[in-house]
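**Student:** Output the structure for:
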Amino acid sequence: MRNLALVIVALFTALSLKAQVTTDPNPPYDNQSVTITFDAAGGNQGLIDYTGDIYAHTGVITDQSTSTSDWKYVKADWGVNVPECKLTSVGNNQYTLTMSTSIREFYGVPTGEKIEQMAFVFRAHDNSKEGKTSDGGDIFVDVSTVDLTVTIAAPSAYSVFEQGASIPVEVEATNATEVKIYVDGTEAGVVAGNSLSANITAGLPGTYELKAEASDGTSTVEKSITFYVREAVTEEVMPSGLKRGVNVVNDHSVSFVLYAPEKQFVHVIGSFNNWQPSNNYLMKRDGNNYWLTVDGLDADTEYAFQFYIDGEIRIADPYTNKTLDPLDQYIPESIYPDLMDYPYDNTSEIASVFKINQEDYNWQVTDFTNPEVEKLVIYELHIRDWTANGDIKTVTDSINYFKELGVNVIELMPFNEFEGNDSWGYNPSFYFAPDKAYGTANDYKEFIDVCHQNGLAVLMDMVLNHSFGQSPFARMYLDGGKPAANNPWYNRDSNIENSSLSWGYDFNHESLDTEELVDSICSFWMSEYKIDGFRFDFTKGFSNTPFTIASDEWAMGPDPSRITILERMADEIWKRNPDAVVSFEHLADNAEEKELANYGILLWGNHNHNFCQTTMGYASESDFSWASYINRGWNDAHIVSYMESHDEERVMYKNENYGASSGSYNVTELKTGLERSGAAAAFLLSIPGPKMIWQFGELGYDISINENGRTGRKPIKWEYYEDEGRKALFDTYSRMNLLKTTEPVFSTTDFAVDASALTKRIELNYPESDVRLVGNFDLTAKAIKPNFSSAGLWYDYFNGDSVQVSNVDITVTLDPGEYKLYSQKKLYGFIPHTSIGDPTYFKDANISPNPTSDHFTVFTGEKPLRQLKITTITGNLVFYTEVTDANPQIDISSYPAGVYLVHLIGDGNGYKVFKLIKKN
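**Tutor:** Predicted coordinates:
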């Protein structure tokens with residue numbers, strides 16, 4: 001027995017043991033009712049002191065289950081609150097759930113199928129917290145029939161003990177007359193009855209089998225587990241050059257490194273050692289780092305592994321580039337092929353994955369330069385809700401859509417690993433791995449590469465204010481369901497008292513460990529994925545300054561500590577890429593935002609309410625002039641203004657449901673609402689400085705943000721693109737984006753925004769290129785003064801016409817919802833009305849072949865072609881390009897069959913239109 005000593009400490013027939021879950025009766029029988037008592041102070045303590053409603057997510061393990069993850073007869077889908085699964089608080093963190101019918105009836109298990117266990121995860125009503133085992137696993141309660149059974153309640157399988165430690169042993173049986181325990185085949189104790197409680201002393205380091213045996217005098221059943229006695233941790237200096245996580249040494253060896261201050265010992269367990277925490281895989285210690293080199297690996301094999309800390313906590317590598325999750329089984333093969341099977345019978349919790357011979361991505365663009373900050377047109381996109389497939393490959397296939405729209409930045413909502421497979425992504429768990437629900441690592445890289453090939457930058461939405469319970473950085477140091485006081489990265493409690501501004505576990509941004517982590521995360525995505533910058537979520541939370549409800553309920557500041565922390569982070573990003581975009585969702589006091597903006601940081605500017613009031617036709621709070629950085633008193637155009645984001649109600653939804661009316665003019669009518677949305681887009685995109693569009697806003701998406709829950713899946717309406725009114729709105733966005741990204745006047749520093757009334761005006765001044773935008777958002781016709789800066793010829797951009805101004809003080813009368821953009825010169829994308837165009841300019845021009853199924857070439861003779869547009873017969877813009885080469889060839893292979901108009905635009909008033917037939 002290798003010096004294993006046994007002390008029997010108690011013999012009794014009813015086991016008295018503090019447990020996370022107890023039952024009455026104990027044991028529970030499948031043909032009887034039962035009351036479950038859940039102790040929130042036990043296990044992982046995820047629900048300790050929770051004051052809201054608690055529900056049981058529960059099912060059973062039967063003889064038809066393939067593993068402990070194969071729950072049968074689950075009462076309700078995850079997150080669905082059903083009354084019969086609601087627990088009752090009895091005080092002192094104790095909750096009960098009574099199954100008034102038999103267990104078999106409660107779950108609906110048919111006769112003949114044996115119930116082996118009840119399975120539980122206790123959760124908050126809003127899924128924000130979970131009650132699980134101490135290592136984060138599901139909770140199982142054995143269910144008995146009249147048969148003879150035996151269970152080892154303690155120690156748990158694969159427990160690790162120090163030599164000489166006292167090991168408590170608890171065994172429960174049903175219908176037994178005698179219970180015995182054996183250690184490595186040698187009897188170590190025997191009692192009469194159903195229960196045994198004992199202590200054994202751990203002997204020499206090694207692997208041990210503990211077997212429990214129950215007998216009723218005629219038959220015997222047994223249960224066995226393995227436990228370990230560990231060696232002392234070896235203190236040894238870590239080889240130079242190793243970084244945290246997995247380090248490839250050669251084709252057959254890797255070195256693991258885990259930063260784990262104050263932890264006593266760590267094992268590496270995984271598919272390479274059958275998940276056993278043996279002494280051969282006990283990590284060495286170098287200060288706060290644990291490390292171990294593992295040999296004998298195959299270079300082309302994927303391995304899964306975990307760090308097993310202090311014999312209690314199983315975590316995936318916090319720096320892993322790929323996770324292995326029980327929920328991976330729900331990811332379609334078409335999105336992520338050949339995912340490893342989760343090792344249900346060997347471990348619990350998320351694991352990490354590595355392969356020595358990784359498939360490198362072959363980048364086509366290695367030196368991309370971001371667009372100028374003041375010309376940024378950002379398209380915020382959620383991969384899940386972009387197409388029915390919900391994958392990044394399909395977004396890549398949409399590149400022509402983005403080009404047609406004219407945006408130059410794609411901002412992806414969080415796509416590093418988040419909890420579950422269906423989320424907005426603001427519940428991050430792993431910071432160095434892309435979420436597999438959307439595709440492979442190389443799928444993401446291809447998307448970024450294709451964007452760069454087409455002149456689009458890619459921003460990553462990054463959540464570093466908080467993370468949730470699956471984060472290994474949090475799970476390593478928890479106490480009472482919250483980060484422990486010694487957690488290197490997190491605060492025990494949020495510094496913001498307002499619970500509306502507090503999510504998950506709050507990062508301690510005053511910790512040097514957190515600074516190192518933040519810098520590593522940003523550096524990784526910029527170097528490995530060539531990300532062009534970041535939008536940081538809720539940066540108001542990046543300090544430890546107390547914000548009480550009484551003193552500053554919404555944490556507006558100014559907060560000098562927060563400013564210092566954020567500027568330090570930005571500096572570290574710019575050290576690695578001076579061209580990187582650093583953008584904050586800050587929404588704090590203007591004095592604080594001004595300081596950050598003047599430092600070079602972009603700040604989100606939320607004008608949803610003002611623009612919605614404008615388009616709906618309500619003068620109250622319709623002034624969006626705060627979208628001007630000049631009006632804010634900033635030095636630079638560093639406000640990312642928007643009228644929609646993922647987090648705001650959709651403009652067209654409000655138009656259609658709450659729009660005003662006057663006589664026959666009604667904003668709730670689709671056509672009217674779309675026209676007013678187009679007017680609003682023209683105003684938003686005319687204000688100098690970076691701008692943002694939320695996906696499908698350009699098509700007038702009118703499904704409420706609260707449809708299927710705020711963060712739930714939304715209907716995908718690609719058919720909107722075929723609707724004439726919605727495509728006209730798209731064309732307005734496209735033409736305004738073209739102006740913003742090409743015409744210097746739209747980046748001028750000499751401008752004014754007058755938006756206090758429902759008749760609104762923007763004045764842009766630039767040498768020989770002034771612009772005046774006027775719009776009527778009232779419900780009746782109104783006169784408005786454009787404030788022309790000079791007499792002479794002005795061009796009406798959207799009508800393709802011109803107007804001779806003799807009196808700069810004249811007014812123009814606009815119908816409700818009408819707007820006009822006047823310019824001193826012809827702007828890019830100006831399509832002359834046939835009444836002012838000169839068709840003789842292109843008298844020798846031709847396009848060929850026509851009809852065509854794939855492409856055509858433009859021939860203009862000696863006359864230079866400057867711009868080319870393709871529109872539908874109804875005038876909707878399909879394609880636009882500036883032309884620099886003679887006889888350009890235009891690819892239309894992806895266009896639907898039909899009739900199109902090809903507009904040729906030359907010098908002066910040179911203009912000609914051809915009808916083009918596109919064949920299948």
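**Student:** ok, and the closest non-adjacent residue to the residue nearest the centre of the chain?
**Tutor:** For the chain, the residue nearest the mean C-alpha position is residue 425 (2.0 Å; Cα atoms, centre = their mean). Spatial nearest neighbour of residue 425, chain neighbours left out: residue 414 (3.0 Å); criterion: Cβ to Cβ, 6 or more residues apart in numbering. (C-beta placed from N, C-alpha, C; glycine too.)
**Student:** residues contacting that neighbour?
**Tutor:** Applying Cβ atoms under 8 Å, 6 or more residues apart in numbering, we find residue 414 in contact with 424-426, 428, 460-463, 537.
**Student:** Kindly supply the ChimeraX command isolating those of these that are buried.
**Tutor:** Buried members of the contacts of residue 414, defined by 16 or more other Cβ atoms under 10 Å, are picked up in ChimeraX with:
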select :424,425,426,428,460,461,462,463,537
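**Student:** Can you show me the helices along the stretch 501-650 of the chain?
**Tutor:** Secondary structure of the stretch 501-650 of the chain (DSSP state H, counting those that start in this stretch): helices at 512-528, 549-552, 560-576, 590-599, 608-616.
**Student:** okay, these, which one's buried deepest?
**Tutor:** For the helices of the stretch 501-650 of the chain, the largest average neighbour count (mean count of other Cβ atoms under 10 Å) is found in helix 608-616, namely a mean of 23.
**Student:** which outside residues touch it?
**Tutor:** Here helix 608-616 has contacts from 619-624, 626, 642-645, 648-649, 651, 654-655, 658-660, 667, 673, 676-677, 679-680, 684, 755, 758, 760, 777, using Cβ under 8 Å, 6+ apart.
**Student:** can you check stretch 94-101 too?
**Tutor:** 33-40, 54, 56, 85-90, 106, 122.
**Student:** For PyMOL, write a command that selects the buried ones of those residues.
**Tutor:** The buried residues among the contacts of stretch 94-101 can be selected in PyMOL (16+ other Cβ under 10 Å) with this line:
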select buried, resi 33+34+36+37+38+39+40+54+56+85+87+106+122
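**Student:** related to what we said a few turns ago, apply the buried test to the contacts of helix 608-616 and list what passes.
**Tutor:** Counted by 16+ other Cβ under 10 Å, the contacts of helix 608-616 give 622-624, 626, 642-645, 648-649, 651, 654-655, 659-660, 667, 673, 676-677, 679-680, 684, 755, 758, 760, 777 as buried.
**Student:** circling back to that earlier point, the residue nearest to the centre of the chain against residue 463, yeah?
**Tutor:** Yes: applying Cβ atoms under 8 Å as the test, residue 425 and residue 463 come out as touching, 7.3 Å apart.
**Student:** And this structure, what are its domain boundaries?
**Tutor:** 5-226, 245-354, 373-741, 746-799+811-823, 839-918 (automatic domain parsing).
**Student:** nearest to residue 233, of those domains?
**Tutor:** With Cβ to Cβ, the closest approach to residue 233 among the domains of the chain belongs to domain 245-354: 5.1 Å.
**Student:** mind checking the end-to-end distance for the closest one?
**Tutor:** 10 Å (Cα to Cα, to the nearest Å).
**Student:** now swap in stretch 582-595 and tell me
**Tutor:** Stretch 582-595 has an end-to-end distance of 14 Å (Cα to Cα).
**Student:** what's the burial count for the closest residue to residue 133 other than its chain neighbours?
**Tutor:** Spatial nearest neighbour of residue 133, excluding adjacent residues (Cβ to Cβ, 6+ apart): residue 43 at 4.9 Å. Counted with other Cβ atoms under 10 Å, the neighbours of residue 43 add up to 24.
**Student:** give me phi/psi at residue 43?
**Tutor:** When quoted as degrees, to the nearest 10, the phi and psi of residue 43 stand at phi 60, psi -130.
**Student:** State the distance from it to residue 903.
**Tutor:** 69 Å (Cβ to Cβ, to the nearest Å).
**Student:** pLDDT weak spots in the stretch 101-250 of the chain?
**Tutor:** 146 (pLDDT under 70).
**Student:** Which residue is the nearest non-sequential neighbour of residue 122?
**Tutor:** residue 131 (3.6 Å).
**Student:** Apologies, that question was intended for residue 141.
**Tutor:** residue 118 (4.6 Å).
**Student:** repeat for residue 473
**Tutor:** residue 489 (4.8 Å).
**Student:** List the residues that contact the one you found.
**Tutor:** Contacts of residue 489 were listed using Cβ under 8 Å, 6+ apart, and they are 473-474, 483, 507-508, 511, 513-514, 517.
**Student:** now the closest residue to residue 585 other than its chain neighbours: how far from residue 586?
**Tutor:** Spatial nearest neighbour of residue 585, chain neighbours left out: residue 604 (4.6 Å); criterion: Cβ to Cβ, 6+ apart. Computed as Cβ to Cβ, the residue 604 to residue 586 distance reads 7 Å.
**Student:** the more surrounded of the two?
**Tutor:** Using other Cβ under 10 Å, the more surrounded residue of residue 604 and residue 586 is residue 586, with 24 against 21.
**Student:** any idea how far the more buried one is from residue 559?
**Tutor:** 11 Å.
**Student:** Can you check which residues contact both of those two?
**Tutor:** What both residue 586 and residue 559 touch, as defined by Cβ under 8 Å, 6+ apart, is the set residue 592.
**Student:** For residue 156, which residues are in contact?
**Tutor:** Shown in contact with residue 156 (Cβ under 8 Å, 6+ apart): residue 225.
**Student:** Contacts for stretch 743-751, please.
**Tutor:** Stretch 743-751 has contacts (Cβ under 8 Å, 6+ apart) with 372, 374-375, 628, 630, 637, 685-688, 739-740, 762-766, 769-771, 823, 827-828.
**Student:** any chance you could read off phi and psi for the nearest residue to residue 882 once chain neighbours are set aside?
**Tutor:** Excluding the flanking residues, the one nearest residue 882 by Cβ to Cβ, 6+ apart is residue 867, at 5.7 Å. Here is the backbone geometry of residue 867 (degrees, to the nearest 10): phi -140, psi 150.
**Student:** Give me the three-state assignment for the residue nearest to residue 425.
**Tutor:** Here residue 414 is recorded as coil under DSSP: H, G, I helix; E, B strand; the rest coil.
**Student:** before we move on, back to that, just the buried ones from the contacts of stretch 743-751?
**Tutor:** 374-375, 628, 630, 637, 685-688, 739-740, 762-766, 769-771, 823, 827-828.
**Student:** Just these: which are in helices?
**Tutor:** The helices, defined by DSSP state H, take in 685-686, 739-740 from those.
**Student:** and residue 445, which of the three is it?
**Tutor:** Secondary structure, three-state DSSP: residue 445 is helix.
**Student:** thought it was touching residue 362?
**Tutor:** No: using Cβ under 8 Å, residue 445 makes no contact with residue 362, being 9.3 Å away.
**Student:** Comparing those two, which shows the higher neighbour count?
**Tutor:** Legend: neighbour count by other Cβ under 10 Å for residue 445 and residue 362, higher for residue 445 (20 against 9).
**Student:** now that one, nearest residue through space, not along the chain?
**Tutor:** residue 361 (4.3 Å).
**Student:** Next, the one you found: phi, psi?
**Tutor:** phi -90, psi 140.
**Student:** show me the contacts for it.
**Tutor:** 441-442, 445-446, 449.
**Student:** all strands for the stretch 51-200 of the chain, in order.
**Tutor:** 54-62, 88-91, 94-99, 115-124, 130-131, 139-142, 149-154, 160-162, 166-174, 178-183, 186-192, 195-201 (DSSP state E, counting those that start in this stretch).
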